[in-house]
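Visitor: this is the structure alone, sequence omitted:
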């Protein structure tokens with residue numbers, strides 16, 4: 001009988017759980033709520049929240065006289081200051097781990113460190129940290145090497161919390177080719193939840209014939225799981241919606257691994273499993289990852 005091997009770490013991470021719970025509670029009371037960009041990078045979750053009254057805005061001015069929630073990725077200090085001129089009702093759903101890294105960036109900048117921020121320049125998390133660091137930073141995209149002036153006395157390297165460990169290590173190696181190692185301080189700022197899921201994705205990709213990663217295509221941590229899976233198993237597939245499973249030809253695979261991004265609701269995972277069982281001639285049997 002075919003097997004579905006379900007990862008242990010599926011569903012929301014604690015940061016997303018906090019943000020979604022907070023948003024639902026506010027919407028229950030106020031019936032309306034605004035956020036700058038998607039609260040979390042998952043279309044199904046966002047659809048549910050929008051139906052409850054959440055409005056995604058692109059300009060801070062659109063929050064005028066409306067309750068506002070800071071998304072899990074955090075908000076740049078200059079935008080927060082601007083926001084306060086439009087609304088007094090501000091709720092902070094910044095992920096606790098992201099907040100911890102933001103505080104670290106502030107401390108290092110105040111101590112006159114030059115900070116390399118390794119990550120996606122367009123990601124809200126990196127943009128907020130760049131604003132916090134001010135002039136004392138440079139963004140380094142994974143896979144690129146950044147040349148720096150030798151005048152600086154001390155450097156720090158910090159990674160986006162959703163980076164994969166291998167991409168972060170490669171970026172660090174590239175940076176260290178241009179600065180003295182003894183003057184560089186490297187911080188492991190990758191979220192422990194992301195690290196654990198990356199380990200599971202690798203294990204599942206090796207153990208299963210095919211790996212299905214469930215999550216938003218805009219989700220950085222989800223994309224990293226796909227990247228890791230494909231390194232060892234070319235039959236790694238990304239889906240956002242349960243019905244997308246029907247588009248994948250899984251007939252030749254005996255073991256199907258499933259793992260999710262940190263902003264994917266466990267309900268979505270259950271629907272993926274149900275869909276798999278429905279569309280296959282041979283029924284799949286669900287098992288835990290370490291059966």
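Guide: Thanks, I have the structure now. For clarity, every value in this text was computed on a predicted model and none was experimentally measured.
Visitor: quick one: low-confidence parts of the stretch 151-291 of the chain?
Guide: In the predicted model of the stretch 151-291 of the chain, residues 151-152, 280-291 satisfy pLDDT under 70.
Visitor: in it, which spans are helices?
Guide: Secondary structure of the stretch 151-291 of the chain (DSSP state H, counting those that start in this stretch): helices located at 165-176, 192-207, 220-232, 266-279.
Visitor: what helix or strand does residue 72 sit in?
Guide: Assigned by DSSP states H and E, residue 72 belongs to neither a helix nor a strand.
Visitor: burial measure for it, as a count.
Guide: Neighbour count for residue 72, taken as other C-beta atoms under 10 Å: 28. C-betas here are computed from N, CA, C, even on glycine.
Visitor: was I right about it contacting residue 38?
Guide: No. Using C-beta atoms under 8 Å, residue 72 is not in contact with residue 38, being 9.7 Å away.
Visitor: for the helices of the stretch 151-291 of the chain, which one ends up most surrounded?
Guide: Sort the helices of the stretch 151-291 of the chain by mean neighbour count, taking mean count of other C-beta atoms under 10 Å, and helix 220-232 sits at the top with a mean of 22.
Visitor: what residues are up against residue 196?
Guide: Residues near residue 196 by C-beta atoms under 8 Å, 6 or more residues apart in numbering: residue 9.
Visitor: I meant to write residue 159 there.
Guide: Applying C-beta under 8 Å, 6+ apart to residue 159 gives the contacts 117-119, 168, 171, 187-190.
Visitor: ok, 7 Å please
Guide: Neighbouring residues of residue 159 by C-beta atoms under 7 Å, 6 or more residues apart in numbering: 118-119, 168, 189-190.
Visitor: go on, residue 198?
Guide: Contacts of residue 198 (C-beta under 7 Å, 6+ apart): 164-165, 224-225, 228.
Visitor: then residue 256?
Guide: Residue 256 makes contacts with 4-5, 208, 210, 212, 250, 276, 284, as judged by C-beta under 7 Å, 6+ apart.
Visitor: neighbour-wise, which of the residues you listed leads?
Guide: Among the contacts of residue 256, the one with the most neighbours (other C-beta under 10 Å) is residue 212, at 26 neighbours.
Visitor: low pLDDT regions in the stretch 1-150 of the chain?
Guide: For the stretch 1-150 of the chain, applying pLDDT under 70 flags the ranges 1, 145-150.
Visitor: and the strands in it, which stretches?
Guide: 3-6, 33-36, 54-57, 68-70, 90-92, 114-118, 137-140 (DSSP state E, counting those that start in this stretch).
Visitor: tell me the one of the contacts of residue 159 nearest residue 83?
Guide: Residue 83 has its nearest neighbour among these in residue 119, at 23.5 Å by C-beta to C-beta.
Visitor: how many residues are close by that closest one?
Guide: If you count neighbours by other C-beta under 10 Å, residue 119 ends up with 27.
Visitor: list the contacts for it?
Guide: Applying C-beta under 7 Å, 6+ apart to residue 119 gives the contacts 126, 139, 159-160, 163.
Visitor: OK, contacts around the spatially closest residue to residue 252 that is not a sequence neighbour?
Guide: Nearest residue to residue 252 in three dimensions, chain neighbours excluded: residue 209, at 7.7 Å (C-beta to C-beta, 6 or more residues apart in numbering). Residues in contact with residue 209 (C-beta under 7 Å, 6+ apart) are 235, 253-255.
Visitor: picking up where we left off before, now the helices of the stretch 151-291 of the chain as CSV including distance to residue 105?
Guide: Converted to CSV, the helices of the stretch 151-291 of the chain look like this (distance: least, C-beta to C-beta, whole Å):
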stretch, distance to residue 105
helix 165-176, 16
helix 192-207, 18
helix 220-232, 18
helix 266-279, 32
